[in-house]
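Student: please find the sequence and the predicted model below.
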Amino acid sequence: MGKFVYLMLLLVLPASLTELFQQPFCFVNGDTDFIQKTCRTTRYYDLCLSSLESDSASLLADTRGLAVIMVRIGVVNATSTNSYLTSQLSPPKNTNTCRNAALKKRVLKGCADKYSYAGDALKYALENLKDELYDYANMNVMAAADYPGVCRNAFERYPTLVYPDQLALRENSFKQICQVVLGIIDALG
Ligand SMILES: *[C@@H]1O[C@H](CO)[C@@H](O)[C@H](O)[C@H]1NC(C)=O
């Protein structure tokens with residue numbers, strides 16, 4: 001019996017060992033190709049690739065799964081900008097007496113709200129993706145992508161206010177994330 005098992009092991013092991021070593025390799029390789037192929041259909045290939053590759057779940061995801069992962073990255077991004085803006089809302093007490101500071105605070109508060117709405121719109125898009133309602137998902141992502149511009153317009157309405165560079169960077173990055181999502185959703189038909 002012992003000899004028999006040993007013989008079986010000798011016969012079976014080499015095959016299962018090669019399988020063991022090859023399978024994860026093939027998996028990763030194949031699905032990295034899939035991520036690249038998917039990102040090539042979007043407007044921002046590098047951003048798409050680096051974002052999706054930052055989440056190991058991307059390796060096993062289909063097109064819809066990749067869209068979901070990218071939308072979640074967008075939610076995190078919008079939330080981070082909402083927190084950033086909220087943190088700007090409590091300036092030192094003495095500047096509160098300045099009218100321009102009060103105005104800036106009001107505009108910043110409006111911007112924080114816009115990024116919060118943008119995050120909400122992406123959360124609706126997540127639901128839509130789950131339900132395979134791709135037109136609605138598309139609509140909600142487009143709505144999300146519009147909110148940062150509403151914030152920028154609010155700044156531009158007042159000549160005494162300067163649109164902060166940091167916010168411009170965040171606006172661009174968030175809109176690019178949304179564009180990548182739209183590209184992936186397009187591929188879902
Ligand atoms: C998201 O937001 C941060 C700011 O917190 C920004 O630096 C980053 O580049 C953005 N983009 C992505 C793809 O995460």
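Tutor: Received it, and whenever you're ready, just let me know what you need.

Student: element containing Thr160, please.
Tutor: Using DSSP states H and E, Thr160 sits within no helix or strand.

Student: list phi and psi for it.
Tutor: The phi and psi values for Thr160, taken as degrees, to the nearest 10, are phi -80, psi -10.

Student: with adjacent residues omitted, what lies nearest to it?
Tutor: In this structure, Thr160 finds its nearest non-sequential neighbour in Asn100, 5.2 Å apart by Cβ to Cβ, 6 or more residues apart in numbering. Glycine gets a C-beta too; all of them are placed from N, C-alpha and C.

Student: what is the neighbour count of that neighbour?
Tutor: Using other Cβ atoms under 10 Å, Asn100 has 11 other residues around it.

Student: helices or strands up against the strand or helix carrying it?
Tutor: Taking DSSP H and E as the definition, Asn100 sits inside helix 99-130. Here helix 99-130 touches helix 63-87, helix 134-156, helix 165-188, going by 3 or more Cβ pairs under 8 Å, 6 or more residues apart in numbering; DSSP states H and E.

Student: could you dump those helices to TSV with mean pLDDT, distance to Ala121 and mean neighbour count?
Tutor: As requested, the helices and strands packed on helix 99-130 are exported to TSV (pLDDT from 0 to 100; distance: least, Cβ to Cβ, whole Å; neighbours: other Cβ atoms under 10 Å):
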stretch	mean pLDDT	distance to Ala121	mean neighbour count
helix 63-87	97	9	20
helix 134-156	97	4	18
helix 165-188	97	9	19
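
Student: let me have the ones you listed in TSV, extended by distance to Ser50.
Tutor: Below are those laid out as TSV (distance: least, Cβ to Cβ, whole Å):
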stretch	distance to Ser50
helix 63-87	10
helix 134-156	19
helix 165-188	11
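
Student: out of the ones you listed, which gets nearest to Thr32?
Tutor: helix 63-87 (12.1 Å; Cβ to Cβ).

Student: for that closest one, what is the distance to the chain centroid?
Tutor: Put simply, helix 63-87 sits 5 Å off its chain's centre (Cα atoms, centre = their mean, to the nearest Å).

Student: so which elements touch it?
Tutor: Here helix 63-87 touches helix 2-40, helix 45-53, helix 99-130, helix 134-156, helix 165-188, going by 3+ Cβ pairs under 8 Å, 6+ apart.
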